[in-house]
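J.: Could you work out the structure for the sequence below:
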Amino acid sequence: MITVVTLALVFLTATVLPVHMGALAFVAAFVVGTAFVGESTDDIVAGFPGDLFIILVGVTLLFAIAIAKGNGTVDWLVQVAVRAVGGRIALIPWVMFLVTAVLTAVGAVVPAAVAIIAPIGMGFAARYRINPVLMGLLIINGASAGGFSPMSIFGSIVNGVVGRNNLPSNPSLLFVSSFLFNLTLSVIVFFIFGGRELMRRKATAISLTPARAAVATPVSAHVEDVTRTEGLVSTATEEAAERKPGTGCGDSIEPGSRDETVERPKPLTREGICTLIGLAGLAVGALAFGLDVGFTALTVAALLSIVCPSSAKAAVGQVAWPTVLLICGIVTYVSLMERVGTIDWLGNAVTTIGAPLLAAIIICLIGALVSCRGQLTGGRA
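T.: Numbering: from 1, shown residues only. Below you'll find the predicted structure:
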């Protein structure tokens, strides 16, 4: 019981005070383990999730290199995707959905991917009179759609925890189910927030006037630190929402007003080409050959650091260290709870609930509350 009370105190303290929850969890594991359970520090450290640490550091380091200023990989992906739809305005939100899904599927942290794509998406929304709510929701849903791929942060965590507990798992089914759910949700959102009207409009140009050149600014310029994504997303959303559709100079292009050609994507830099090859190698190694995602991502990141030192110069500082500390601290404490039998006790308590569906809902609500608090605390740190 002492472990449950301590865990509740960790959550409460991190909510009220500006203290990182992961650090508190490590302290709680040490105090409870040595003072009340009688474990040694070696026993406590044995619960440290080394596999999750490697995955978190590896994939976030690799993605930090990919979004580095001057790398050009993400910029090129967006330009190619937007050019592919030509003047079909209704497809632009879906381009943002797919690009964000690809970013999170290859290892980007979901809030960081949203912060990267949101300023670009909101710029297109203002220019082509697309409902900013529609654009924002499709970007967020896209991030969630790719967030459970076998190479992603969330997918790696879920599959790793399931594997350590010797439970049956199907990483591909998890990814496909999550993707289809978010895709279905996005289709509904599309028609609720003006998608039908967009399908009747067509623009013949996606070229930029100087007044709107900010839309084409390299994506990496919008992101200084992946741990400050909430402010970036909210700022981009507020700026786009303040613009009245169709009132800006040259903001929108009326159908058939003039003939222009879609802007060609800028050529990939050497760093961008190397990064794309590295990401493709990670995908092939993890999916086709079953290589460990974390170590493979670290290997690719190390090779890119050697080949493209300019892109990797500040990448280590952009690793999501608050998230790493949060997850590793909580998992270390939960491992202590598991060793003393608290997890089994909680599981048995849940099974006493007569309705299995109600029990599942309660577990989901607990997980939602914990993850919500954890994300905010990690961002604050």
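J.: Surely residue 128 is in contact with residue 92, unless I've mixed up the numbering?
T.: Yes. Residue 128 lies in contact with residue 92 (Cβ atoms under 8 Å); the separation is 6.6 Å. Every C-beta, even on glycine, is put in place using the N, C-alpha and C of the backbone.
J.: Give me the residue at the spatial middle of this protein.
T.: For the chain, residue 110 is the residue whose C-alpha lies nearest the centre (Cα atoms, centre = their mean; 1.1 Å).
J.: Name the nearest residue to that residue, ignoring sequence neighbours.
T.: In this structure, residue 110 finds its nearest non-sequential neighbour in residue 143, 4.6 Å apart by Cβ to Cβ, 6 or more residues apart in numbering.
J.: Would you mind identifying the next helix or strand past the helix or strand encompassing that neighbour?
T.: Here residue 143, judged by DSSP states H and E, is contained in helix 132-146. Moving toward the C-terminus from helix 132-146, the first helix or strand encountered (DSSP H and E) is helix 153-164.
J.: For that following helix, C-alpha coordinates in CSV please.
T.: Extracted in CSV, the C-alpha atoms of helix 153-164 (Å, rounded to 0.1, in the frame of the first residue of the first chain):
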residue,chain,number,x,y,z
ILE,A,153,8.2,6.3,-29.7
PHE,A,154,4.8,5.2,-28.5
GLY,A,155,4.8,2.0,-30.6
SER,A,156,8.2,1.1,-29.3
ILE,A,157,7.2,1.7,-25.7
VAL,A,158,3.9,-0.3,-26.0
ASN,A,159,5.6,-3.2,-27.8
GLY,A,160,8.5,-3.2,-25.4
VAL,A,161,6.3,-3.3,-22.3
VAL,A,162,4.2,-6.0,-23.8
GLY,A,163,7.3,-8.1,-24.7
ARG,A,164,8.8,-7.7,-21.2
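J.: so that helix versus helix 132-146, what angle?
T.: Relative orientation of helix 153-164 versus helix 132-146 (axes from the mean of the first three to the mean of the last three Cα atoms, to 10 degrees): 30 degrees.
J.: buried sites along the following helix or strand past helix 153-164?
T.: Sequence-wise, the next helix or strand downstream of helix 153-164 (DSSP H and E) is helix 171-192. Across helix 171-192, burial judged by 16 or more other Cβ atoms under 10 Å covers 171, 174-175, 178-179, 182-183, 186, 189-190.
J.: all helices for the stretch 251-381 of the chain, in order.
T.: 270-287, 293-307, 309-312, 321-339, 342-351, 356-380 (DSSP state H, counting those that start in this stretch).
J.: Just put the ones you listed in a markdown table and tack on mean neighbour count, distance to residue 64 and mean pLDDT.
T.: Listed next are these as a markdown table, based on neighbours: other Cβ atoms under 10 Å; distance: least, Cβ to Cβ, whole Å; pLDDT from 0 to 100:
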| stretch | mean neighbour count | distance to residue 64 | mean pLDDT |
| --- | --- | --- | --- |
| helix 270-287 | 18 | 11 | 86 |
| helix 293-307 | 20 | 8 | 90 |
| helix 309-312 | 18 | 8 | 79 |
| helix 321-339 | 21 | 11 | 89 |
| helix 342-351 | 13 | 34 | 74 |
| helix 356-380 | 13 | 16 | 61 |
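J.: re the thing from before, mind checking the pLDDT average for the helix holding residue 143?
T.: The average pLDDT within helix 132-146 is 94.
J.: how far does that helix sit from the chain's center?
T.: Between the centre of helix 132-146 and the centre of its chain there are 12 Å (Cα atoms, centre = their mean, to the nearest Å).
J.: got it, and stretch 147-155?
T.: Chain-centre distance of stretch 147-155: 9 Å, with Cα atoms, centre = their mean.
J.: mind listing what's buried in whichever helix or strand residue 197 is part of?
T.: Element membership for residue 197, per DSSP H and E: helix 195-198. Under the neighbour-count criterion of 16+ other Cβ under 10 Å, helix 195-198 has 195, 198 buried.
J.: do stretch 67-87 as well
T.: So for stretch 67-87, counting by 16+ other Cβ under 10 Å, buried means 67-68, 71-79, 81-82, 87.
J.: Among those residues, which pair sits farthest apart?
T.: Largest separation among those by Cβ to Cβ: 68 and 87, giving 32.1 Å.
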